[in-house]
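A structural model of the following input is requested.
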Amino acid sequence: MTEQVAMPNPELFFRSDGTLKPQVPADRMPVDEGQLHLLVPNGIGDFAWVYAKYKNLIDDGKDITFWFNDDDTKRVKPYADMLGVKYDFCTVDNRDLLLAPGELSREDVDEGGIFYVHANRHLESGNKLVDWMPWLPMQNPAPSIGEWKYKNNRITVHMCMKSYVEGNWPVKVWARKLKEIEEKFGPVCVVGALWDTAFANQVFQHYSPAHRALDYDLGDSLYEIVTGRAHIGLDSGLTILAKYLGVPALQAFPDWLWNPVGTSVHPNGTHMPGTYDMDFHPLSENTHVADLMDDVCPWLEKVLK
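Next comes the predicted model:
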């Protein structure tokens, strides 16, 4: 155990008082042949940003295992499975993870080791993903489900949960907006994970859209999105991947992730929106959650004209 913890980043293993942290299983993280073990956030978007850079190293044959927090395996596991990456689970304190610098040097990668890795703080400071670890090229982190090519006339909508970040729109407001979209532009398909269904069912008590794709496997949800005409959603894994898959998408950001300064420079702004400097649809746009209901129909008019 002593040899395993003699890493360049002892804060992974030791508390400030010098006692050993039990949660990082160093005995399952061999580094003797330059392996990289990367402790990363569990969110689909959070991991997509990491994978966008580290995919190059994997393609070059670097032995990389991604480690996710074992108290929240539902979100990221199906995405990691679709990517075909090596991953495992351990108990990680996300506060520790996101307080760490999150960025590795060439030397770190060459030597191998166990590291906290994330792009979140870099992006939250208004920077673009391409400038995070700039010595690594950026690749599209979309899973291999195919590019956007709509085969039906549906508009997919991801409303997320009632408790979304700083608060979601009321159920009756969502119901009125779904009704308006269907009356003006065609059928809606509401997509979402298991934890999104309770809020969606409350909305459906006031208006039931033409189609529902709730609690689907991630691949099936993404298929609904890439075969539709356009996607509308709060900032979430499904909407992030929709953009990376080239779907025209309107993405609504909460206040703490919204940086409108970049919107005049780049169609997808800076900060978290700056993560899409690659193969996204030219009509994709961002908005603030507070402005979403006002922006939906004008945006759809541009996309679907």
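
alpha carbons only for contacts and neighbour counts from here, please
Will do.

Please list all residues in contact with L136.
Counting by Cα atoms under 8 Å, 6 or more residues apart in numbering, L136 makes contact with K53, Y54, N56.

what about stretch 142-162, start to end distance?
27 Å (Cα to Cα, to the nearest Å).

Next: stretch 284-291.
End-to-end distance for stretch 284-291: 16 Å, by Cα to Cα.

just to revisit the earlier point, pick out whichever of the contacts of L136 sits closest to Q202.
Here the nearest of these to Q202, counting by Cα to Cα, is K53; it sits at 39.3 Å.

K128 versus the closest residue to the closest one other than its chain neighbours, what's the distance?
Nearest non-adjacent residue to K53, counting by Cα to Cα, 6 or more residues apart in numbering: M138, 4.9 Å away. According to Cα to Cα, M138 stands 11 Å off from K128.

what do you get for T91?
Using Cα to Cα, one obtains 29 Å as the distance from T91 to K128.

Among these two, which residue is more densely surrounded?
Taking other Cα atoms under 10 Å, T91 and K128 do not tie; K128 has more neighbours (20 against 16).

List the backbone torsions phi and psi for the more buried one.
For K128, the backbone dihedrals (degrees, to the nearest 10) come out as phi -100, psi 150.

Quick check: it vs M293, distance?
Separation of K128 from M293 (Cα to Cα) stands at 27 Å.

cool, and G237?
Going from G237 to M293 by Cα to Cα gives 20 Å.

Among these two, which residue is more densely surrounded?
Using other Cα under 10 Å, the more surrounded residue of G237 and M293 is G237, with 21 against 17.

Isn't the more buried one up against I44?
Yes - with contact defined as Cα atoms under 8 Å, G237 counts as touching I44 (4.9 Å).

ok, back up a step: specify which member of the contacts of L136 is nearest to H206.
Using Cα to Cα, the contacts of L136 come closest to H206 at K53, 43.6 Å.

if we can go back for a sec, just the buried ones among the contacts of L136, please.
Taking 16 or more other Cα atoms under 10 Å as the criterion, what is buried in these is K53, Y54.

Tell me the first helix or strand C-terminal of the one helix or strand A80 maps to.
Applying DSSP states H and E as the criterion places A80 in helix 77-83. Using DSSP H and E, the helix or strand that follows helix 77-83 in sequence is strand 86-90.

for the protein, what are the low-confidence residue spans?
1-24, 72-73, 93-99, 146-150, 165, 259-279 (pLDDT under 70).

Show me what the helix or strand where D294 lies is packed up against.
For D294, the host element (DSSP H and E) is helix 292-304. The contact analysis (3 or more Cα pairs under 8 Å, 6 or more residues apart in numbering; DSSP states H and E) places helix 292-304 against helix 171-185, strand 230-234, strand 249-253.

helix or strand for the spatially most central residue of the chain, which one?
Closest to where the C-alpha atoms of the chain average out (Cα atoms, centre = their mean) is G45, at 1.1 Å. Assigned by DSSP H and E, G45 belongs to helix 44-59.

buried ones in that helix?
Quick answer for helix 44-59 (16+ other Cα under 10 Å): I44, G45, D46, F47, A48, W49, V50, Y51, A52, K53, Y54, K55.

Hmm, the fifth one is touching P143, no?
Put plainly, it is A48. No - A48 lies out of contact with P143 (Cα under 8 Å); the separation is 9.7 Å.

which ones are touching the nearest residue to H211 once chain neighbours are set aside?
Closest residue to H211 apart from its sequence neighbours, by Cα to Cα, 6+ apart: C189 at 4.4 Å. Shown in contact with C189 (Cα under 8 Å, 6+ apart): R154, I155, T156, V157, P209, A210, H211, R212, A213.

hmm, try it at 6 Å
Residues in contact with C189 (Cα atoms under 6 Å, 6 or more residues apart in numbering) are T156, H211, R212.

And it, how far from L178?
Remark: distance between C189 and L178 (Cα to Cα) = 10 Å.
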